[in-house]
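Student: Sharing a sequence plus its predicted fold:
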Amino acid sequence: MLREPCQFVEGRAPAKVNLTLAVLGELAGGYHELESWVVMVDWYDRLELRASANLSLTVEGDTGHALPRTEGNLVWHAVEALAKAAGRPPTASIKLEKSLPIGAGLGGGSSDAAATLLGLNELWGLGWPNERLAPIASALGSDVPLFLEDSPVVIRGRGERVERLRNCWKGFLVLVVPSFALATREVFGRYSGGEIRRGENPAPWQNVGHDSLNTSQQLFNDLEPDAFSVEPRLARLHGLLDGLDGRPVRMTGSGSSLFALFDDARSAELWREEAVRLAGQTVEFRVVQTL
Ligand code: C5P
């Protein structure tokens, strides 16, 4: 349904955490078939989109890593892809304020791209339902479609099949973000299928009502051994923190961030303080809450 175009749209692009990640096999084009329970958390990049006669993008914020500030940015690609699908010129003046780290397994770039599609849908007055945005999102990257949703999801296939979860574990996480990034392609490239970490219950998102300790004992990430072999510093950090105060520590996506789950902000903060003492200042620890 076509809506009135508007002059200004503000968007928030949250981080994601893969609570589980099963690699089920190989797909064409060097991709892998996945099943992953993903939650969004309250740590955001911010986007401002303004009506304009041409396309411009400014990127603000210090992410510590090189980030394309023009054509190479996924936001730029999102504008061009949606404009092409809608048969209109790719015009907008966009400001992206980065807070989310790059190459950290938190999906920042994918989230920015999805927020761009959702924002332009309003700015241009397209009024498209998410189902119509989803194939464009999927072509931009495997993790982009999940960010069209505002609820926890299970993603399957390459990432393009997204199941919304009405009810699953919610709570607090301590994110452990090292100073080094990991390249998704490199980690997947090492996947041998050898080491399967799946627990007895491969679908812990169905255990509604379990507390954070119980839930975290059910979590797994099949890519951990590969990420740890690409980056031995991550293996050491995991070895240091896993089991601290009886909490399992898992990796999100293909790394480099780790996380632990908590029922309340106070216990998350206490664990964070202990972890800072152990791991030192070169690692960023951040308490976040599921959306
Ligand atoms: O889709 P995207 O470009 O974000 O994927 C980046 C890389 O991650 C791919 O080139 C591939 O190596 C790996 N990948 C994968 N299987 C997936 C998603 C990503 O092997 N389902």
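Tutor: Perfect, thanks for sending it. This is a predicted model, so every value here is computed, not measured. Numbers count the residues shown, from 1 in each chain.
Student: rest of the way, CA atoms for contacts and neighbours
Tutor: Noted.
Student: Contact residues of the stretch 51-200 of the chain facing the ligand?
Tutor: Within the stretch 51-200 of the chain, the positions near the ligand by CA under 6 Å from any ligand atom are 141-142, 158-159, 184-185, 188.
Student: which among the residues you listed gets closest to Ala115?
Tutor: Gly141 (13.4 Å; CA to CA).
Student: does the residue found closest to the closest one once you drop the neighbours it is linked to in the chain belong to a helix or a strand, and which?
Tutor: In this structure, Gly141 finds its nearest non-sequential neighbour in Ser110, 6.8 Å apart by CA to CA, 6 or more residues apart in numbering. Take DSSP states H and E as the rule and Ser110 turns out to sit in helix 108-123.
Student: list the helices and strands that helix packs on?
Tutor: Contacts defined by 3 or more CA pairs under 8 Å, 6 or more residues apart in numbering; DSSP states H and E place helix 108-123 against strand 8-18, strand 32-50, helix 74-86, helix 130-140.
Student: In CSV: these, plus distance to Pro178 and mean pLDDT.
Tutor: Listed next are the helices and strands packed on helix 108-123 as CSV, based on distance: least, CA to CA, whole Å; pLDDT from 0 to 100:
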stretch, distance to Pro178, mean pLDDT
strand 8-18, 15, 98
strand 32-50, 16, 97
helix 74-86, 23, 97
helix 130-140, 26, 98
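Student: Now render these as TSV, adding distance to Met251 and mean neighbour count.
Tutor: Shown next, in TSV, are the helices and strands packed on helix 108-123 (distance: least, CA to CA, whole Å; neighbours: other CA atoms under 10 Å):
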stretch	distance to Met251	mean neighbour count
strand 8-18	8	23
strand 32-50	12	21
helix 74-86	24	19
helix 130-140	23	17
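Student: can you give me the strands for the stretch 101-250 of the chain?
Tutor: Ranges of strands in the stretch 101-250 of the chain, per DSSP state E, counting those that start in this stretch, are 153-157, 161-164, 172-177, 220-221, 250-251.
Student: What lies in contact with the last one?
Tutor: Looking back up the chat, that one is strand 250-251. 18-19, 219-221, 224, 238, 242, 257-260 (CA atoms under 8 Å, 6 or more residues apart in numbering).
Student: what does the second one give?
Tutor: Counting by CA under 8 Å, 6+ apart, the neighbours of strand 161-164 from elsewhere in the structure are 145-146, 149, 151-156.
Student: Please apply the same query to the first one.
Tutor: Contact partners of strand 153-157, identified using CA under 8 Å, 6+ apart, comprise 32-39, 146, 161-165.
Student: rerun that using 7 Å as the cut-off
Tutor: Strand 153-157 is contacted from outside by 33-39, 161-165, using CA atoms under 7 Å, 6 or more residues apart in numbering.
Student: What strands flank that strand, and is each parallel or antiparallel?
Tutor: Using DSSP bridges, the strands paired with strand 153-157 are strand 32-50 (antiparallel), strand 161-164 (antiparallel).
Student: roughly how far is the shortest one from the heart of the chain?
Tutor: On the basis of CA atoms, centre = their mean, to the nearest Å, strand 161-164 sits 15 Å off its chain's mean C-alpha point.
Student: which parts of that strand are buried?
Tutor: Neighbour-count burial for strand 161-164 flags 161-162, 164 (criterion: 16 or more other CA atoms under 10 Å).
Student: Hmm, Arg26 is touching His32, no?
Tutor: Let me fix one detail, which is that residue 26 is Glu and not Arg. Yes - using CA atoms under 7 Å, Glu26 is in contact with His32, at 4.4 Å.
Student: got any ranges where the stretch 51-200 of the chain has weak pLDDT?
Tutor: 63-66, 194-200 (pLDDT under 70).
Student: again, 90 this time
Tutor: 61-72, 150, 191-200 (pLDDT under 90).
Student: Provide a list of residues in contact with Ser151.
Tutor: Taking CA under 7 Å, 6+ apart, we find Ser151 in contact with 164-165, 291.
Student: could you redo the last one with a cut-off of 8 Å?
Tutor: 39-40, 164-166, 291.
Student: tell me the phi and psi of it?
Tutor: Main-chain dihedrals, Ser151, degrees, to the nearest 10: phi -140, psi 170.
Student: Quick one: mean pLDDT for stretch 228-244?
Tutor: Averaged over stretch 228-244, pLDDT sits at 98.
Student: Give me the residues contacting that stretch.
Tutor: Stretch 228-244 is touched from outside by 178, 182, 186-187, 227, 248-250, 256, 258, 271, 275, 278-279, with contacts defined as CA under 8 Å, 6+ apart.
Student: so Leu24 is in which element?
Tutor: strand 20-26.
Student: Which neighbours in the sheet does that strand have, and how are they oriented?
Tutor: Looking at strand 20-26 with DSSP bridges, its partner strands are strand 32-50 (antiparallel), strand 220-221 (parallel).
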